[in-house]
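Asker: Turn this into a model:
(chains A and B)
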Amino acid sequence: MHELSITQSLLDAVVGRTGERQVTGVRLKVGRLSGVLPDAMRFCFELVTDGTPLAGAELLIDEPEGRGRCRGCGLDFTLPDLIPLCPCGSADVEITGGRELAVTSVEVV
Amino acid sequence: MCSTCGCSDDAGVRITDAAGVQTGEHGHAHDHDHPHSHPHEHPGQDGHDGGGHETIALEERLLAKNELLAARNRGWLEGRGIRAFNLMSSPGAGKTTLLERTIRDLGDDLDIQVIEGDQETSLDADRIRAAGRPVVQINTGAGCHLDAQMLRRGLDALDPAAGSTLFIENVGNLVCPALFDLGETAKVVIISVTEGDGKPRKYPHMFMAADLILINKADLLPYVKFDVEDCIRQARMLNPHVEVLVVSATAGDGLDGWYGWLTDTPGAPAAGTAGHRPHNRPEALSDAR
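Answerer: Model (predicted):
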């Protein structure tokens, strides 16, 4: 379960910035094509933040949808999965969204 | 990562060097009583709104630390002219057998060194040692993949010679290792024909990240239902330029293609994952049965 080490990275990134301040909310972007499950991250978050300034913080996860841009016809479209196939039939598609995996902001007291 | 509760970071990772000396044993005691009674304070619902709450923008990628360490590994390896191949597959696809065979066949031409990753035991490292090459075993404990920090520790223990060819045998898992750049020269994904031909569709992240896919155990094709062409088609839908070779590490089928790929792959690629190798060898784009 890679979400555990990724959640540990989240804790390190936040504490590295906020130190001992109590964190009440954490906002993340976990794209639908990122390979990371938000529910698994929620589960891990409680585990890894126990006894830290993030314990009990609310985890708010934005899940941007997958987006692709066809290099053939120029269409910008939704990608439901990682198979980059344009409705025009071309597979020459640039994945432009959905792979985000980042902490965007935190709430502290 | 603690193998009892799964918490913490690399604390449970153990490195066994070429002399069999183990480092990194769990060096701390955990309290495993987690009563989980933390009070929940939700922003905006606790009466402190606007009074002491502060929003701090971070905009930091969660894999940034691993990517930084991977970039350091990549520079370290390139500076010594070492090519590093990250071998990934499900458990039992034949990674270690392929390495044993490769050592046997190319041992005179390449200075092969190996870092083995497994949750537990040094069984794989013992097999490589028996094949006569330097090896370090990384045991990840509860961890399901190698990361750049673990590779760094493995490199420190192995101290591979300049100009050598390093194989990193990742933990058998088609999910998690795909997300963690180690700083390798190329990622090699192995599937065996006994696993079924739907693997690329089922595990797209892994096959998107691959520079080379080996379809192993080809000698068993007459006995199993595995559509090689369909499997390659699925992989190329995800990763149009990926090279695919059909091989058998035990019977020797197709290994010339693998050895040619190994010999021709230059060191010092651009940073990144898939697609940084030159794809200009048409013979490597077809399966080499």
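Asker: now the strands: where do they sit in chain A?
Answerer: With DSSP state E as the definition, chain A shows strands at residue ranges A:23-30, A:58-62, A:66-70, A:76-79, A:93-97, A:101-108.
Asker: could you redo those as TSV and give each row mean pLDDT and mean neighbour count?
Answerer: C-beta: built from backbone N, CA, C; applies to glycine. Below are those laid out as TSV (pLDDT from 0 to 100; neighbours: other Cβ atoms under 10 Å in any protein chain shown):
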stretch	mean pLDDT	mean neighbour count
strand A:23-30	97	22
strand A:58-62	96	15
strand A:66-70	95	19
strand A:76-79	95	15
strand A:93-97	92	16
strand A:101-108	96	20
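Asker: and those strands as CSV, adding distance to chain B?
Answerer: As requested, these are arranged in CSV below (distance: least, Cβ to the nearest Cβ, whole Å):
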stretch, distance to chain B
strand A:23-30, 4
strand A:58-62, 5
strand A:66-70, 11
strand A:76-79, 11
strand A:93-97, 9
strand A:101-108, 5
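Asker: With B:Leu58 as the reference, name the closest of those strands.
Answerer: Ranking the strands of chain A by proximity to B:Leu58 (Cβ to Cβ) places strand A:101-108 first, at 4.9 Å.
Asker: Double-check that B:Val189 belongs to a helix.
Answerer: No: following the definition DSSP: H, G, I helix; E, B strand; the rest coil, B:Val189 is strand and is not counted among the residues of a helix.
Asker: Tell me how far the closest residue to it other than its chain neighbours lies from B:Leu238.
Answerer: Across the structure, with Cβ to Cβ, 6 or more residues apart in numbering or on different chains as the measure, the residue nearest B:Val189 apart from its sequence neighbours is B:Ala210 (4.1 Å). Summarising the geometry, the distance separating B:Ala210 from B:Leu238, computed by Cβ to Cβ, to the nearest Å, is 9 Å.
Asker: Of all the residues in stretch B:143-162, which ones are buried?
Answerer: Of the residues in stretch B:143-162, those scored as buried under the neighbour-count criterion (16 or more other Cβ atoms under 10 Å in any protein chain shown) are B:143-155, B:157-158, B:160.
Asker: Of these, which pair is most distant in space?
Answerer: For those, the farthest-apart pair by Cβ to Cβ is B:Cys144 and B:Pro160; their separation is 24.9 Å.
Asker: quick revisit: what about B:Ala210 and B:Leu238, which has more around it?
Answerer: B:Ala210 (26 against 23; other Cβ atoms under 10 Å in any protein chain shown).
Asker: so the more buried one touches B:Ile191, yeah?
Answerer: No: using Cβ atoms under 8 Å, B:Ala210 is not in contact with B:Ile191, being 10.1 Å away.
Asker: Determine the longest helix present in the chain.
Answerer: I'll assume chain A. Of all the elements of type helix in chain A, the one with the most residues (DSSP state H) is helix A:2-18.
Asker: ah, I was thinking of chain B
Answerer: helix B:64-79.
Asker: What's the separation between B:Phe20 and B:Leu179?
Answerer: Quick fix: residue B:20 reads Gly, not Phe. B:Gly20 sits 31 Å away from B:Leu179 when distances are taken as Cβ to Cβ.
Asker: out of those two, which sits in the more crowded spot?
Answerer: Looking at B:Gly20 and B:Leu179 with other Cβ under 10 Å, you find the greater number of neighbours at B:Leu179, namely 23 against 11.
Asker: picking up where we left off before, ramachandran angles for the residue nearest to B:Val189?
Answerer: B:Ala210 adopts backbone torsions of phi -70, psi 140, taken as degrees, to the nearest 10.
Asker: And for B:Asp118?
Answerer: Note on B:Asp118: backbone dihedrals following degrees, to the nearest 10 are phi -150, psi 160.
Asker: doesn't B:Ile128 make contact with it?
Answerer: No: judged on Cβ under 8 Å, B:Asp118 makes no contact with B:Ile128 at a distance of 11.9 Å.
Asker: Just want to know which of the two has more residues nearby.
Answerer: Looking at B:Asp118 and B:Ile128 with other Cβ under 10 Å, you find the greater number of neighbours at B:Ile128, namely 25 against 20.
Asker: and the most centrally placed residue in chain A, what are its bridge partners?
Answerer: To find the centre residue of chain A, average its C-alpha atoms and take the closest one (Cα atoms, centre = their mean): that gives A:Val30, at 1.7 Å. The bridge-partner assignment for A:Val30, based on DSSP bridges, gives A:Leu101.
Asker: From A:Arg42, how far out is it?
Answerer: Using Cβ to Cβ, we find A:Val30 at a distance of 10 Å from A:Arg42.
Asker: Report the set of residues contacting both of these two.
Answerer: A:Ile61 (Cβ atoms under 8 Å, 6 or more residues apart in numbering or on different chains).
Asker: shaky segments in chain B?
Answerer: Applying pLDDT under 70 to chain B flags residues B:1-11, B:25-51, B:268-289.
Asker: Point to the residue nearest the middle of it.
Answerer: The residue at the geometric middle of chain B, judged as the C-alpha nearest the mean C-alpha position with Cα atoms, centre = their mean, is B:Asn170 (3.8 Å).
Asker: which residues sit in contact with that residue?
Answerer: Neighbour list for B:Asn170: B:Asn86, B:Leu87, B:Met88, B:Gly117, B:His145, B:Leu146, B:Pro177 [criterion: Cβ under 8 Å, 6+ apart].
Asker: which two in those residues are spaced the farthest apart?
Answerer: Of all pairs drawn from these, the greatest distance, 12.7 Å, lies between B:Leu87 and B:His145 (Cβ to Cβ).
Asker: circling back to that earlier point, return the distance of the residue nearest to the centre of chain B relative to A:Gly66.
Answerer: Between B:Asn170 and A:Gly66 the distance is 26 Å, computed by Cβ to Cβ.
Asker: swap in A:Val48?
Answerer: Using Cβ to Cβ, which is the criterion applied here, A:Val48 is 27 Å from A:Gly66.
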